[in-house]
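Trainee: next comes the sequence, and after it the predicted model I'd like to discuss.
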Amino acid sequence: MEVDDGNERTETSAEGEPSIRRVETDQEPYEGMPFESEEAAKAFYDEYAKRVGFVTRVLSSRKSERDRSIISRGLGCSGRSVNRKRGGQQEVCTATILLKREKPGRWVVRKFVRDHNHPLVGQFRKTRRTLVSLFCFEQSLDEKDKKILELTAELRVKKRLSAAYREQLLAFIKDVEGHNEHLSTKVQLVLDNLSEFEAKKKEASDHR
């Protein structure tokens with residue numbers, strides 16, 4: 001049976017479970033929101049992130065013990081905030097979404113956190129539109145002055161966007177450096193164990 005509530009079209013199965021057939025692109029995620037696949041759910045969240053003004057990343061995943069297929073996936077914002085009360089320490093963004101596979105062909109949003117702890121790119125765009133609108137109301141200015149003010153407002157927004165992208169890039173670089181450091185530690189541990197094994201082997205050979 002098909003139901004159209006004006007925003008999205010759903011189909012009810014024999015068991016009475018709704019399954020999404022078409023999701024509006026301007027819709028916000030909500031707990032219990034169904035998708036036909038993990039890819040469809042991720043594509044929807046990526047589109048939502050693009051519209052709101054942030055970049056997504058994979059936070060976690062869980063595999064089935066039976067066939068090792070993915071049965072849950074955690075996604076979230078890749079942005080970070082600076083906590084000045086803690087000496088400028090960076091904190092990961094709290095905006096997340098948790099997807100879970102209930103059965104083949106059905107994924108559901110189990111948890112959704114909307115709020116971010118840092119400015120969003122979309123907020124900068126809204127600021128630009130507001131500033132431009134205010135400038136247009138200044139009837140006393142000639143076209144040349146209006147153009148200068150508009151370009152000035154656009155330059156301010158681009159500087160803020162650049163700062164936001166730079167912050168996200170630095171956070172990504174820091175994550176990569178941390179991963180490399182962890183990997184180097186593991187490699188050194190293997191080398192130390194190997195050297196210790198060779199020494200014990202040589203010592204045992206000398207006693208023969």
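Mentor: Arrived safely.
Trainee: tell me which residue is most central in this structure.
Mentor: T56 (2.1 Å; C-alpha atoms, centre = their mean).
Trainee: so it versus R73, what's the distance?
Mentor: Counting by C-beta to C-beta, to the nearest Å, the gap from T56 to R73 is 11 Å. Yep, even glycine has a C-beta here, placed from its N, CA and C like the rest.
Trainee: got it, and L98?
Mentor: For L98, the distance to R73 - C-beta to C-beta - is 8 Å.
Trainee: surely the residue nearest to the centre of the chain touches G74?
Mentor: No - judged on C-beta atoms under 8 Å, T56 makes no contact with G74 at a distance of 10.8 Å.
Trainee: please compute how far stretch 33-43 lies from its chain's middle.
Mentor: 15 Å (C-alpha atoms, centre = their mean, to the nearest Å).
Trainee: the protein: helices as residue ranges?
Mentor: Taking DSSP state H, the helices of the chain run over residues 38-52, 121-136, 143-206.
Trainee: right, and those - which one's nearest D115?
Mentor: helix 38-52 (11.3 Å; C-beta to C-beta).
Trainee: what are the contacting residues of the closest one?
Mentor: 23, 25-29, 35, 55-56, 70, 73, 75, 77, 97, 99, 101, 107, 109, 120, 122 (C-beta atoms under 8 Å, 6 or more residues apart in numbering).
Trainee: thinking again about what came up before, which residues does the residue nearest to the centre of the chain contact?
Mentor: 45-46, 49, 75-78.
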